Structures are given as structure tokens and as C-alpha cells.
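Peer 1: let me see the structure of the following:
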Amino acid sequence: MEKISVVIPCYKVTNKILNVINLIDSSVLKIYVVDDCCPDKSGDFVKTYCEDKRVTVLYHNINQGVGAAVMSGYREAIKDGMEIIVKVDGDGQMNPSLIPNFIDPIVCGEADYTKGNRFYNLEEIGSMPKIRLFGNACLSLMTKLSSGYWQIFDPTNGFTAIHANVARQLPLSKISSRYFFETDMLFRLNTLRAVVVDVPMNAVYEDEVSNLKIHKILPEFIAKHCRNFMKRIFYNYFLRDMSLASIELLIGVFFILFGLVFGVANWVNSKLTMTNTPVGTVVLVAITIILGTQLLLGFLAYDINSMPSRCLHKIKRFKT
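Peer 2: Alright, predicted model coming up:
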């Protein structure tokens, strides 16, 4: 029987946290409540009013962000010898009764990391605010590109589970400490070639207040997605391995850039000299851009088909 633990980052959730803890099944051996310098003193509140012996309260002296709180829980669970670590928010949006659905693919050797997806049931997602639907669609596309996990959706879903053998391999101190951490986790997992699986769940929205401000985090998310995309491509296709896809990418980018620069230069020259651009030049520009696009599409098809498929925690060299 696997040793299962739950990590609950806490920040302004004193009105929900006890109910969340009470709903956690007895199969869970340890519950780590991480008070991320909460102004409501969530940690002290849990210590005072929670009688569950499984609960350990961890404290941050300064607010470090939800990602840092989860990583603190991971470290404590690994130190205590836990085998599967589930992350649940303390605001009541995630139903703890679904925990078995998240750990089953890991126990069965089908996944190293599982995450929730609120978009499976088309009838249920009607309750989700439209702005969140649109935002999740955009973020999912960016995450597919930056992480390499083309089969996943709802990247900011924080209901997750991970095998401790895989969590040990992650650079926990380097993972984004704030709202980008779920997406950054996927990028880091891809560098390990870990298997990630979506788990269907329903969206729950009640009276909670989100601390995430779209207009503030959007520029940061875009910049970090671009950074992770470049790092993933370099690491997977040029540093760790070289393949036909690597050549397709290089030549495709070269052809497109050449076509665009050469085409713009000739267009500007024709305007300045008041002459018509030769047909051959137009054809050359069109052919290079079309060939470059085809090569990039070939690279994209290879990338989509090369997602990790063998669970790391089942590989002997990853066990401790």
C-alpha cells in the first residue's frame, strides 16, 4: 500500500480549510498545511481547531507564493518517506473525494504526475466564468508549446499528484514560486521525460476571491512561456539529442527568415526605385517561405508524437 500524503498551501482560506481537511480520506497518511505567511494566520487556526493527527503545519516567515508553499510541502513529504504527494488547494474548489482518481494512474504505472482538467464535461463547464474559459484556452496553447505535453489541457489547474521518486529529481528550488508554478512544473517534468496524465474533474466556483490578476500576470506568463519553449527546444533537440526534426527546425527557420528578409528588402527597393520586382524574385520568396513552413510543420508533428510514454518512477535508476 503506497504512502499517500496531501499538501495544502494556505493563504486567506481560514473559512474553508477545516472542511477541506475533514473531507480527506483515511487512506492519506500525512497532511501538510503550509501557511505562506498568511495574514489570517491559517497555520495557527488549523493548529487550534483541527484535531486530525495526520496534520503537520509548516510556516513561511515571508510570503513566497503558492508555488514555494507547495515545494515546501513536497520537501517535507519526501523527508517523511511518502510515496505519492497530492496537492489540494485550501479554498474548497477541489473535492478531496477525487484524490483516488489522481493517485490511481500513478499506482497503476500509467503516469508519474496527474493533474485536473475541468474541460472534460461540456455541461459542467457552463458554470465557469467566460473570462476563465478564454484565458484557459490561451494558456493551454502556450503551455503545450512551452512544456511539450500536447495532450494536456487546463494547465493552471492546481489539483495534482506526483510520485515521490519523480519529485526527488525535480529542481524544487528553481520552480517558479508564484502562479506560474503549475506550468513550470510541466516544463521541468518534460526535461525528465516524465509521463503526465489529465484527470477529469468538475469546476467549482462559490464565494472564493481569486488573488490572481490577469492584467498583472499575463506579460510575466508570456515571457516565461517563451523562455521555457526556447530552453526545451534547445535541450531536447540539440543538447540531449539530435534528430531529423532538429534539422527540419533549423532549415525551416532559416528559409522563413531568408524569405521574409529578402522579400521585404526587395519590396523596399522597388518602392524607392519605382520599379517592379522581378517575377523570379517573387517566386523565390514565396517558395522559401512555403518550404520553411512545411519544414516547421514537420518538426511540430515530430514534437507532438514524441511525448514521454514510459513512467520514470518505474525505472530502477530513478528509485531510491
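
Peer 1: and the spatially most central residue of the chain, its phi and psi?
Peer 2: Residue closest to the mean C-alpha point of the chain, counted by CA atoms, centre = their mean, is residue 183 at 2.5 Å. Main-chain dihedrals, residue 183, degrees, to the nearest 10: phi -70, psi -40.

Peer 1: measure it to residue 227 for me?
Peer 2: Using CB to CB, to the nearest Å, residue 183 is found at 11 Å from residue 227. In short, each C-beta sits where N, CA and C put it, glycine included.

Peer 1: how about the strands in the stretch 1-150 of the chain?
Peer 2: Using DSSP state E, counting those that start in this stretch, the strands of the stretch 1-150 of the chain run over 4-10, 28-35, 55-59, 84-87, 113-117.

Peer 1: report the distance from the shortest one to the chain centre.
Peer 2: The chain centroid and the centroid of strand 84-87 are separated by 15 Å under CA atoms, centre = their mean, to the nearest Å.

Peer 1: helices or strands up against it?
Peer 2: Using 3 or more CB pairs under 8 Å, 6 or more residues apart in numbering; DSSP states H and E as the contact definition, the elements that strand 84-87 packs against are strand 4-10, helix 66-79, helix 99-107, strand 160-163, helix 164-167.

Peer 1: what sits up against it?
Peer 2: Around strand 84-87, the neighbours that count as contacts under CB atoms under 8 Å, 6 or more residues apart in numbering are 2-9, 28, 70, 73-74, 77-78, 99, 102-103, 106-107, 158-164, 167.

Peer 1: then stretch 21-34?
Peer 2: Around stretch 21-34, the neighbours that count as contacts under CB under 8 Å, 6+ apart are 3-10, 17, 42-43, 46, 50, 52, 54-60, 69-70, 72-73, 76-77, 80, 82, 86, 88, 90, 95-97, 99-100.

Peer 1: among those residues, name the buried ones.
Peer 2: Applying 16 or more other CB atoms under 10 Å to the contacts of stretch 21-34, the neighbour count classes 4-10, 17, 42-43, 46, 50, 55-60, 69-70, 72-73, 76-77, 82, 86, 88, 90, 95-96, 99 as buried.

Peer 1: check contacts around the residue nearest to the centre of the chain.
Peer 2: By CB under 8 Å, 6+ apart, residue 183 lies in contact with 139, 143, 146, 147, 155, 156, 176, 221, 224, 225, 228.

Peer 1: and the residues you listed, which two are the farthest apart?
Peer 2: Greatest spatial distance in these: 156 and 228, 14.7 Å, computed using CB to CB.

Peer 1: isn't residue 102 right up against residue 163?
Peer 2: No. Taking contact to mean CB atoms under 8 Å, the distance of 11.4 Å between residue 102 and residue 163 leaves them out of contact.

Peer 1: where does this structure dip in pLDDT?
Peer 2: Within the chain, the ranges that satisfy pLDDT under 70 run 123-128, 203-217, 316-320.

Peer 1: select the longest helix from it.
Peer 2: Using DSSP state H to assign secondary structure, the helix with the most residues in the chain is helix 244-273.

Peer 1: helices and strands around it, which ones?
Peer 2: helix 279-304.

Peer 1: and the angle for the helix it packs on with helix 244-273?
Peer 2: If you take axes from the mean of the first three to the mean of the last three CA atoms, to 10 degrees, helix 279-304 sits at 150 degrees to helix 244-273.

Peer 1: list the buried residues in helix 279-304.
Peer 2: Within helix 279-304, the residues scored as buried using 16+ other CB under 10 Å are 281, 284-285, 288-289, 292, 295-296, 298-300, 302-303.

Peer 1: may I see those residues organised as CSV, with distance to residue 196 added?
Peer 2: Shown next, in CSV, are these (distance: CB to CB, whole Å):
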residue, distance to residue 196
281, 47
284, 43
285, 41
288, 37
289, 35
292, 31
295, 28
296, 25
298, 24
299, 21
300, 19
302, 19
303, 15
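
Peer 1: quick check: closest non-adjacent residue to residue 97.
Peer 2: With sequence-adjacent residues excluded and distances taken as CB to CB, 6 or more residues apart in numbering, residue 97 is closest to residue 23, at 6.4 Å.

Peer 1: ok, residue 270 next?
Peer 2: Here the nearest residue to residue 270 in space, its sequence neighbours aside, is residue 277; by CB to CB, 6+ apart that works out to 4.6 Å.
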